[in-house]
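Q: Here is a sequence with its predicted model. Questions after.
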Amino acid sequence: MNILVIDDDNSLRRTIRMSLEVLGHHAVEARDGAEALDLLAHRPLEMALLDLRLAQEQGLELLPKLLSVAPGLHVVIVTAYATIETAVEAMRRGAFDYLPKPFTPDQLRVVLERIERMRWLQFQVEDLGEQVRAVVPELDLQTNEPAVRQVLTVAFKTAATEATILLRGESGTGKGVLARAIHARSLRGSKPFVTIHCPSLSAELLESELFGHVQGAFTGAVRDTLGKVAVAEGGTLFLDEIGDLPLALQPKLLRLLQERCYERVGETQTRASNVRVLAATNRNLETAIAAGRFREDLFYRLNVIEVTLPPLRERREDILPLAEHLLRFFARPSGKPISGFTASAQAALAQYAWPGNIRELRNAIERGVILAVAPLVDLSDLPSQIGGGHHRPGAASAEILTLEQMEAEHIRRTLASTGTIEEASSKLGIDASTLYRKRKRYGI
């Protein structure tokens, strides 16, 4: 793992770093909160060892700041002032574990192994989730609307070619689903389908993620690493939210498309690539070109075949069939004998504007199945905005939402009311990468 050691004692900090390196990990050091937050913002780190008492600040006060910058960080509190109360408080604030000073290499090894097992389990869960999502999405491509059938006909007709396809449409319309379906129907269908989310990282980290890097390319690059281009070799590289690709990276992507070659970060050797590129965006790229945020030549390279997915509000004939498909999918693992919707729920589903599109419909149906107590999902089981906020008194409308549910709903509505990721993140008061992580966490 890449581990951050935060301690104001220079000698102890170096000793811990050397112990970690002996155990096969890579460690970087920070003497205070400012250094630690800067390191977290600019490089991928999986774990932090945080001293409870720093020179000018308390570790417990720094802990939530670290987790806000890196939500997946496993933080272990280290202190010579170990008490049950501080241990409980550290866990309450998000710490993974607690190490009393002085600790032995064996004690450190046990904590590291526990975190590695936890990370492995998280990877397994994420992989299973990806497999499930790879099965469910085909539901989204069933349609009774002639306009949508025409869009799918164009997409699938070009699937067997090597043409670059640009998928356009609002957030949640199923662009990622369609990209997977195009790949599955292509001659590359048995090869990897690899997704890279363009707004997820800084330009420097995104370049490394896309093209890979060599050992020593930057601090923390302890070994050669394959990028997504190499992982997708022979298959399809899907660039999600391409409109948010940093301007500095656009010439390198253009070269990949034009010349089918690239270099890893930190090396001069040119590597050949055999990938098909699909891209998706919910942004107006023509406006971004006029504003100087997107290269015109890259746009034309990506826009060989353009496919625009209509929003769900323009697919009125598809809403109830999609809802019924999703209901059957979510009802199966729940074990509930749910067979359909009440008349009031059907009417509300059909009339709602669906600003979050198919993604919002999926979330609404999953919620309905979870809350339903009868054979039919009722209007009261669906999110309140779907029925105009008028739910049956004393039913699900009276439920108390958790902070996470409230945050997810607020993010969902903000995304639906804004045109770009930057605008949404600005309104929410967070940066685009944080918004991306929260969307992934909440399935938005």
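A: Alright, I've got the coordinates. Numbering: from 1, shown residues only.

Q: what's the domain layout of the chain?
A: What automatic domain parsing lists as the domains of the chain is 2-123, 142-310, 313-442.

Q: pLDDT of the last one, averaged?
A: The one in question is domain 313-442. On average, the pLDDT along domain 313-442 is 81.

Q: next one: the second one
A: When pLDDT is averaged over domain 142-310, the result is 91.

Q: Straight-line length of it, end to end?
A: This stretch, domain 142-310, spans 13 Å end to end (Cα to Cα, to the nearest Å).

Q: Also the last one?
A: Using Cα to Cα, the span of domain 313-442 from its first residue to its last is 23 Å.

Q: Can you list the low-confidence ranges for the stretch 1-150 of the chain?
A: For the stretch 1-150 of the chain, residues meeting the criterion pLDDT under 70 lie at 82-83, 126-140.

Q: Spatially nearest residue to Ala365 (excluding sequence neighbours)?
A: Actually, residue 365 is Ile. It isn't Ala. Closest residue in space to Ile365, ignoring its immediate chain neighbours: Leu326 at 4.2 Å, by Cβ to Cβ, 6 or more residues apart in numbering. All C-beta atoms are positioned from the backbone trio N, CA, C, and that covers glycine.

Q: I'd guess Val194 is in a strand, am I close?
A: Yes. When DSSP: H, G, I helix; E, B strand; the rest coil is applied, Val194 is found to be in a strand.

Q: just checking, it touches Gly234?
A: No. Val194 is not in contact with Gly234 according to Cβ atoms under 8 Å; the separation is 10.7 Å.

Q: higher neighbour count, the two?
A: Neighbours were counted for Val194 and for Gly234 using other Cβ atoms under 10 Å; Val194 has more, 19 against 12.

Q: dump the residue contacts of the residue lying closest to that one once chain neighbours are set aside.
A: Using Cβ to Cβ, 6+ apart and skipping the chain neighbours, the partner closest in space to Val194 is Ala232 (3.8 Å). By Cβ atoms under 8 Å, 6 or more residues apart in numbering, Ala232 lies in contact with 191-194, 275.

Q: Look up how far Leu239 lies from Ala232.
A: To Leu239, Ala232 is 11 Å away according to Cβ to Cβ, to the nearest Å.

Q: Please enumerate the shared neighbours of these two.
A: With contacts defined as Cβ under 8 Å, 6+ apart, no residue is adjacent to both Ala232 and Leu239.

Q: Give me the phi and psi for the residue nearest to Ile365.
A: Dihedral pair for Leu326: phi -70, psi -40, per degrees, to the nearest 10.

Q: Using the three-state scheme, assign Arg367.
A: Following three-state DSSP, we place Arg367 in the helix state.

Q: and Arg185, how many neighbours does it have?
A: Residues contacting Arg185 under the criterion other Cβ under 10 Å number 15.

Q: now the helices for the stretch 101-250 of the chain?
A: 105-135, 146-157, 175-184, 203-211, 228-231, 250-259 (DSSP state H, counting those that start in this stretch).

Q: of all those helices, which lies closest to Asn303?
A: Asn303 sits nearest to helix 250-259 of all these, at 11.1 Å, using Cβ to Cβ.

Q: quick one: the closest one to helix 203-211, angle?
A: Angle, helix 250-259 to helix 203-211, by axes from the mean of the first three to the mean of the last three Cα atoms, to 10 degrees: 20 degrees.

Q: can you list the residues that contact helix 250-259?
A: By Cβ under 8 Å, 6+ apart, the residues outside helix 250-259 that reach it are 164, 207, 210-211, 229, 239, 245, 261-262, 273, 277, 294-295, 297-298, 301-302.

Q: List the buried residues of that helix.
A: Going by neighbour count (16 or more other Cβ atoms under 10 Å), the buried part of helix 250-259 is 250, 253-254, 256-257.

Q: okay, these in JSON lines with distance to Leu435 next?
A: Below are those laid out as JSON lines (distance: Cβ to Cβ, whole Å):
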{"residue": "Gln250", "distance to Leu435": "21"}
{"residue": "Leu253", "distance to Leu435": "22"}
{"residue": "Leu254", "distance to Leu435": "26"}
{"residue": "Leu256", "distance to Leu435": "27"}
{"residue": "Leu257", "distance to Leu435": "27"}
